[in-house]
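Asker: Quick one: sequence plus predicted model below, questions after.
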Amino acid sequence: MAVSKGILSLTRTHFSYEKTINWFPGHMAKGIKQMQDQLRAVDLVVETRDARIPLSSINPQFERIIGGKSRLVVYNKADLAPAEIQSVVRQEMAKRNQKVIFTDTFSSSSVKQLLNHAVDIAKGDLVRYPQFSVMIVGMPNVGKSSLINALRRIGIGRGKAASTGAKPGVTRAMSSKIKVLESPPVYLLDTPGVMMPFIPDPVTAIKVALTGGIKDNIADEAILADYLLFRLNRCAHIDYKEVLKIEEPTDDINCLVSQLSKKIGALRQGGEIDVDKTLQFFLRTYRNGAFGKLCLDDLDQAAVERFFCASIQEPPLSKNQDKKAKRAAQRQRSLEKAKAKNLV
Ligand SMILES: Nc1nc2c(ncn2[C@@H]2O[C@H](COP(=O)(O)OP(=O)(O)OP(=O)(O)O)[C@@H](O)[C@H]2O)c(=O)[nH]1
């Protein structure tokens, strides 16, 4: 089989690759405002990301909102990502002074680890100890509400408190405080998933949409499927041919659709291929985890550096730091002027 054409194949004429994803419904703007208002009373922010896209699920907007607040990054859906990415991601985040926990809301041990971390901080925070509040933020569909339910189940043995769903945008407003532990008393605040208002890089948008962060009808199922096929072809350990029960591996989405539609009976009257139904089946198969553990982000050193240089802005400076920076810049300018006049 030929090596996948990958991203080049996205330019094939019958798929409109030009579509820019700009999805920021009103409830997200409202959600950000509510988060900012509540932040003062919050002791810890848990920023939830998707382990399948450890870089693409970083929302630079949170950097600005969270500022200097105590923060823990949680990579959820770890059951769907290869285990070997965990050490790389931990290392990269440690370089940025960021502690990271990987969770899978179906596994008690990983959720317990998160709860213990919150408890450790709560115990160290004597001022706020009687009421330790944790705000859960993150992009849509990363599993924030599922995480809250799992924490509550493990912490106080109670059932579901937050609504969950396979489509993005289930939580549309900030929740009231949800108790997840009696002693010390730990409360959680669920927030609506907040997408970055504008995703400038189309490949990042495709990855976010593939993992369910953007509604399919806003993205383009054909483009998503094409990119997915490219990634599957790059992953030697994934036998999608076996999973889909098709005859031939391929790097051509048309060929895949043609083979798959027959296998799943996605045919209209007269035998015409039902392309939408076939594409949806392919995407669903991936999202159900049937292809196994797949990371959609490249995590080699160069790719990680490129990502952070291009997408992540430094958190805003505090007033003090800002003053210091201005003074240093002023000193530098004076020095340069003096040099120009040969005074130094
Ligand atoms: N495989 C897997 N699926 C998960 C995990 N956590 C959540 N999910 C699934 O992911 C989907 C989204 O979960 P939610 O908890 O609704 O996500 P959310 O971040 O609250 O979503 P929004 O309301 O859009 O902000 C649901 O179908 C969950 O069952 C996990 O750790 N592993």
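Answerer: In hand now; what should we look at?

Asker: Okay, now the unreliable bits of the stretch 51-200 of the chain?
Answerer: Across the stretch 51-200 of the chain, the ranges flagged by pLDDT under 70 are 125-129, 161-175, 193, 196-200.

Asker: what about the strands in it?
Answerer: Secondary structure of the stretch 51-200 of the chain by DSSP state E, counting those that start in this stretch: the strands cover 71-76, 100-102, 132-138, 178-181, 186-190.

Asker: Report the distance from the third one to the chain centre.
Answerer: The chain centroid and the centroid of strand 132-138 are separated by 16 Å under C-alpha atoms, centre = their mean, to the nearest Å.

Asker: about what we covered before: any chance of CSV for the strands of the stretch 51-200 of the chain, columns distance to Ile218 and mean neighbour count?
Answerer: Where C-beta positions appear, they are placed from N, C-alpha and C, glycine not excepted. Formatted as CSV, the strands of the stretch 51-200 of the chain follow (distance: least, C-beta to C-beta, whole Å; neighbours: other C-beta atoms under 10 Å):
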stretch, distance to Ile218, mean neighbour count
strand 71-76, 22, 23
strand 100-102, 29, 20
strand 132-138, 19, 24
strand 178-181, 30, 20
strand 186-190, 23, 23
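
Asker: in the stretch 201-344 of the chain, which segments are predicted with low confidence?
Answerer: In the predicted model of the stretch 201-344 of the chain, residues 311-329, 331-333, 335-336, 339-344 satisfy pLDDT under 70.

Asker: Contact partners for the residue in it positioned nearest to the ligand?
Answerer: Nearest residue of the stretch 201-344 of the chain to the ligand, counting by C-beta to the nearest ligand atom: Gly289, 6.1 Å away. Going by C-beta atoms under 8 Å, 6 or more residues apart in numbering, Gly289 touches 79-80.

Asker: so how far is Asn97 from the nearest residue to Tyr240 once chain neighbours are set aside?
Answerer: With sequence-adjacent residues excluded and distances taken as C-beta to C-beta, 6 or more residues apart in numbering, Tyr240 is closest to Leu232, at 4.7 Å. Distance, Leu232 to Asn97, using C-beta to C-beta, to the nearest Å: 35 Å.

Asker: Would you mind telling me which of these two has the busier surroundings?
Answerer: Leu232 (23 against 6; other C-beta atoms under 10 Å).

Asker: and the gap between the spatially most central residue of the chain and Lys337?
Answerer: Centroid check for the chain by C-alpha atoms, centre = their mean gives Ser57 as the closest residue, at 2.4 Å. Separation of Ser57 from Lys337 (C-beta to C-beta) stands at 47 Å.

Asker: again, but for Asn116
Answerer: 56 Å.

Asker: again, but for Val304
Answerer: For Val304, the distance to Lys337 - C-beta to C-beta - is 40 Å.

Asker: Who has more neighbours out of those two?
Answerer: Val304 (19 against 11).

Asker: Correct me if wrong: the more buried one contacts Leu55.
Answerer: Yes - in this structure Val304 lies within contact range of Leu55 using C-beta atoms under 8 Å: 6.9 Å.

Asker: any chance you could map the helices in the stretch 101-250 of the chain?
Answerer: For the stretch 101-250 of the chain, the helices defined by DSSP state H, counting those that start in this stretch cover 108-124, 144-156, 202-210, 221-234, 240-244.

Asker: Return the list of helices and strands in contact with the second one.
Answerer: Read that as helix 144-156. Secondary-structure packing of helix 144-156 (3 or more C-beta pairs under 8 Å, 6 or more residues apart in numbering; DSSP states H and E): strand 44-50, strand 71-76, helix 108-124, strand 132-138, strand 178-181, strand 186-190.

Asker: Just the angle for it relative to strand 44-50, thanks.
Answerer: 130 degrees (axes from the mean of the first three to the mean of the last three C-alpha atoms, to 10 degrees).

Asker: And helix 144-156, how far out from the chain middle?
Answerer: Using C-alpha atoms, centre = their mean, the offset of helix 144-156 from its chain centre is 19 Å.

Asker: in that helix, what's buried?
Answerer: Of the residues in helix 144-156, 144-155 count as buried by neighbour count, 16 or more other C-beta atoms under 10 Å.

Asker: tilt between that helix and helix 108-124?
Answerer: 70 degrees.

Asker: right, quick check: helix 144-156 against the ligand, any contact?
Answerer: Yes - against the ligand, helix 144-156 shows contacts by C-beta under 6 Å from any ligand atom at 144-146.

Asker: Same check on the longest one?
Answerer: No - applying C-beta under 6 Å from any ligand atom, one finds helix 108-124 out of contact with the ligand, separated by at least 8.3 Å.

Asker: For that helix, which residues meet the burial criterion?
Answerer: Buried residues in helix 108-124 (16+ other C-beta under 10 Å): 110-111, 114-115, 117-119, 121-122.

Asker: same thing with stretch 82-90?
Answerer: 82, 85-86, 89-90.

Asker: Out of the residues you listed, flag the one nearest to Cys255.
Answerer: Pro82 (27.0 Å; C-beta to C-beta).

Asker: Done for today, thanks.
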